[in-house]
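*Asks:* coordinates only, no sequence provided:
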């Protein structure tokens, strides 16, 4: 039931975000929209920012969950771009709401976990230095998030395919090189 409640709060938040600016949305607005009380909100989240970040992380995981391996990471990343493009006004409001430093931090943590999954998938039984794995995941996450944030800030004009092609040229082989050395 907890997951359903959190999802209902997220949906209500998304609908409200389509109607008005982020800074005008209250917890009372969110709970009224989905027929819950304020205490239910506070049982799951400390504030609206926490709901928003949980929603981003959950949705990113759902969008790319079948594509978090070395062979098809580009497909997962492409799906993230299309997810953002399909929710352009919502994503732009989120990007305008959070300070860039905080948004980057949240997105980098999400991307880092995803890249670590790709590294684990590719390395198989090979034993890798944990520091090297983490460093590679962090660098790849910074690139992935930086490209996405730059694309959003420029108005999402380039096609997602072009962005994936460019990012792929940069990152292809990075994980393999880490595993070999």
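*Replies:* The structure has been received and is ready for your questions. Note that the coordinates shown come from a computational prediction; the quantities given were computed from them, not determined experimentally.
*Asks:* which strands and helices lie in contact with the helix or strand bottoming out on mean pLDDT in the chain?
*Replies:* The weakest-scoring helix or strand in the chain, judged by mean pLDDT, DSSP states H and E, is helix 174-180 (a mean of 74). Secondary-structure packing of helix 174-180 (3 or more C-beta pairs under 8 Å, 6 or more residues apart in numbering; DSSP states H and E): helix 100-123, helix 130-153. Every residue, glycine included, has its C-beta placed from N, CA and C.
*Asks:* which of the ones you listed has the lowest average pLDDT?
*Replies:* Note on the helices and strands packed on helix 174-180: helix 100-123 shows the lowest mean pLDDT, a mean of 82.
*Asks:* show me the domain layout of the chain.
*Replies:* Split into domains by automatic domain parsing, the chain comes to 1-45, 56-180.
*Asks:* name the residues of the least confident helix or strand of the chain that are buried.
*Replies:* Neighbour-count burial for helix 174-180 flags 175, 178, 179 (criterion: 16 or more other C-beta atoms under 10 Å).
*Asks:* ditto for stretch 40-55
*Replies:* Within stretch 40-55, the residues scored as buried using 16+ other C-beta under 10 Å are 40, 41, 44, 45, 48, 51, 52, 53, 54, 55.
*Asks:* which other residues reach that stretch?
*Replies:* Applying C-beta atoms under 8 Å, 6 or more residues apart in numbering, the contact partners of stretch 40-55 are 2, 5-6, 9-10, 13-14, 22, 25, 27, 30-31, 94, 97-98, 106.
*Asks:* please redo it, this time with the cut-off set to 7 Å
*Replies:* Identification of contacts with stretch 40-55 by C-beta atoms under 7 Å, 6 or more residues apart in numbering yields 5, 6, 9, 10, 13, 25, 27, 30, 31, 94, 106.
*Asks:* again with stretch 146-164
*Replies:* 74, 77-78, 80-82, 84-85, 88, 91-92, 95, 104, 167.
*Asks:* among those residues, which ones are buried?
*Replies:* By 16+ other C-beta under 10 Å, those give 74, 77, 78, 80, 81, 84, 91, 104, 167 as buried.
*Asks:* residues in contact with the last one?
*Replies:* Going back to what we said before, that points to residue 167. 77, 143, 144, 147.
*Asks:* and the furthest pair within those?
*Replies:* Among these, the pair separated by the greatest distance (C-beta to C-beta) is 77 and 143, at 10.5 Å.
*Asks:* nearest residue to residue 83 in space, please, no chain neighbours.
*Replies:* Leaving aside its sequence neighbours, residue 83 sits nearest to residue 63 (C-beta to C-beta, 6 or more residues apart in numbering; 4.7 Å).
*Asks:* number of residues surrounding the one you found?
*Replies:* By the criterion of other C-beta atoms under 10 Å, residue 63 has 19 neighbours.
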